[in-house]
Each structure stands twice: as structure tokens, then as C-alpha cells.
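Q: Take a look and give me a structure for this.
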Amino acid sequence: MLPVKSLGAALLCSLLIPTAALAAEKLVFGNEGSYPPFSITDASGKLTGVEPELAREMCKRMNADCEIVAMDFKALIPAMLQNKLDGITTQIKPSAERKAHALFGIPIVYNPDSYIMKADRPDDVTPENVKGLKFGQMRGTVQVKYLTDKFGDAIEIVPYDNPDQIRLDLLAGRIDATLGPRINWSIELLSKPEGKDFKFAGGEVWTGDPSIPVDQRGSSWIVRKDSAALLDRMNTALKSMIDDCTFTKIREKFVPVAIIPGEKACVDKKS
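A: The predicted structure is shown next:
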């Protein structure tokens, strides 16, 4: 048994230790790292963009010491299911297959897909109008399944590891089209001078689970099925960020328009 003086000193020391130091936990989240403007690896190698910055703020509010690891999109879900990641902080569209293996948090972006193709092609995207075209698509995405289900072997799907490769090959004429998120492609191609010969076609396309009601659609961050408590904490932190407009302040650094309906009050305050 410790002497009274020693016991008192030990108690005093424990009281002087910051609560954060006692409670902080280590978490590892996966992020794509090459999905501008939502995920960017800058010239210095730092991971930034909407989602890494939101994730860091979320972790701060969860009192967690988080490491955010960049890896190819196709590797993210397998790494999480193998317990190499605690969760994924790259926007994931809910599909029936994904929902069978993961829990989805609140939507952090509504970013419907559209077809991107040469401006002289028909606006109506039908099997007849796209027959023989090469579509550049990222590996492991719901867009690949959507295109395969819709067009079968009428088109050729050319796989890529990131959207920058798709954009470069689209500009070079090595592929004819892609199906991808409107916000990303508007900012990264169509709003730029080099995008003058391209357009959106076919309107907005929802490539996630079709059973999800229209007003509940969006992409989310995910965790394993055994991590419901972690997801609850993530959702609580994200909701607080939306409510106090921190979400909007971070988003505005990279994207000029609101990306979820919950931003409306914050946007209205500034108008």
C-alpha cells in the first residue's frame, strides 16, 4: 500500500493529466487521396480536400487521434473488412452489395452522376447512341455495375485507378465517355477551357441503391458492421459540424456550392 503522501501525490498527478490524453483513442480511416475537390494530395504530399478536412474536424470532436491513409478506391473496402481500417472517409454510394457488408453514416454529399462525352454527341444516352463507345471508369465503383447492367456488351469499359487518368485519356481521345459525379466533373473539366468540347448528357443519374427514397439519397462514410457505436459517434460529430456551420466553412474552401440539404441554414445566413 502506498504511503498517504505518495497516494496523495499520485492522485494529484492523475488530476493534472489532461482529459484528452487519457481518453484519446487511435483510429485509422481510409481515403482515396485522388478525387478532387473532395480528396487531394497536394505537392507536399499532404492529404487535403473536403473530406480529409471534415474528417480531421470530426475526429477532434470525437476526441480521437486519427490517421487518414490514402489508397486506391478499389482497395478501401477490402482493407476495412480486413480490419486494416476502422472506417472509410471517402464518399461511398450505398448499393445493396455494400450495405450487406458495411454500415453507412449520414450522407455527407449528394453528388449525382452524369455522362460526360463530346459535345457533338446526342443528349439522349441510349444503347443505340452509345454502341461501340469506350467508357473510362474507376475500378470497384457502382458506376461500372450500372453501365454493365444498362448497356451490356454494347460498350467497352476501360478500367482506371483514379479520375485524373480518365480525364487525361478523355481529352486525348483514347476513350469516348465516362459516367461520373457531376460536381467533380464540372469543377475538374467542364468549367475549364480544355473542357469546351465536352458536355453532360443524359441528365442526373442515381447509381446507388434504387430502393432508397429520392430525398434520402447521397454518399456517406462507412464502417464495418461491428462498429455501430463508432458510427454513432461519427454521425453525432458530423451533425454538430453541420449545425454550427463548420461543415459549410470547410466545404467552401474547395466547392463553391452546397453539397447537402443540411447546409441551407448556413448558406442563407450569408446571403
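Q: Could you find the closest non-adjacent residue to Leu189?
A: Using C-beta to C-beta, 6 or more residues apart in numbering and skipping residues adjacent in sequence, the residue nearest Leu189 is Gly195, 4.1 Å away. Where you see a C-beta, it was placed from the backbone N, CA and C, and this is true even at glycine.
Q: actually Gly202, not the one I wrote
A: Nearest in space to Gly202, with sequence neighbours left out and distances taken as C-beta to C-beta, 6+ apart, is Val125 at 3.6 Å.
Q: Low-confidence bits of this protein, can you list those?
A: Judged by pLDDT under 70, the chain has its weakly predicted residues at 1-23.
Q: Now do the helices in it.
A: If DSSP state H is used as the criterion, the helices of the chain fall at 4-16, 19-23, 50-61, 73-81, 96-99, 127-130, 142-151, 163-172, 182-185, 228-243, 246-252, 264-270.
Q: Of all these, which one is nearest Ala119?
A: Ranking the helices of the chain by proximity to Ala119 (C-beta to C-beta) places helix 163-172 first, at 12.3 Å.
Q: which helices and strands sit right next to the closest one?
A: On a contact count with 3 or more C-beta pairs under 8 Å, 6 or more residues apart in numbering; DSSP states H and E, helix 163-172 meets strand 134-138, strand 156-160, strand 177-181.
Q: How about it, which residues are buried there?
A: Across helix 163-172, burial judged by 16 or more other C-beta atoms under 10 Å covers 163, 165-167, 169-170.
Q: Same question for stretch 124-138.
A: Going by 16+ other C-beta under 10 Å, stretch 124-138 has these buried residues: 125, 130, 133-138.
Q: can you check stretch 24-42 too?
A: Applying 16+ other C-beta under 10 Å to stretch 24-42 flags 27, 29-41 as buried.
Q: May I see the helices of the chain organised as JSON lines, with distance to Asp215 added?
A: Formatted as JSON lines, the helices of the chain follow (distance: least, C-beta to C-beta, whole Å):
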{"stretch": "helix 4-16", "distance to Asp215": "49"}
{"stretch": "helix 19-23", "distance to Asp215": "37"}
{"stretch": "helix 50-61", "distance to Asp215": "22"}
{"stretch": "helix 73-81", "distance to Asp215": "26"}
{"stretch": "helix 96-99", "distance to Asp215": "18"}
{"stretch": "helix 127-130", "distance to Asp215": "30"}
{"stretch": "helix 142-151", "distance to Asp215": "20"}
{"stretch": "helix 163-172", "distance to Asp215": "28"}
{"stretch": "helix 182-185", "distance to Asp215": "18"}
{"stretch": "helix 228-243", "distance to Asp215": "16"}
{"stretch": "helix 246-252", "distance to Asp215": "19"}
{"stretch": "helix 264-270", "distance to Asp215": "13"}
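Q: out of the ones you listed, nearest to Gly105?
A: Among these, helix 228-243 comes nearest to Gly105, with 5.3 Å by C-beta to C-beta.
Q: Against which helices or strands is that closest one packed?
A: helix 50-61, strand 87-92, strand 102-109, strand 219-224, helix 246-252.
Q: Which one, of those, ends up nearest to Arg182?
A: Distance to Arg182, taken as C-beta to C-beta, is lowest for strand 102-109 among the helices and strands packed on helix 228-243, at 11.0 Å.
Q: Just checking: what are the partner strands of the closest one?
A: strand 219-224 (antiparallel) (DSSP bridges).
Q: could you check the angle strand 177-181 makes with the partner strand?
A: If you take axes from the mean of the first three to the mean of the last three C-alpha atoms, to 10 degrees, strand 219-224 sits at 80 degrees to strand 177-181.
Q: And the residue most central in space within the chain, how close does it get to Ile116?
A: In the chain, the centroid-proximal residue (C-alpha atoms, centre = their mean) is Gln91; its distance is 2.0 Å. Relative to Ile116, Gln91 is positioned 18 Å away (C-beta to C-beta, to the nearest Å).
Q: Since that was my last question, I'll sign off now.
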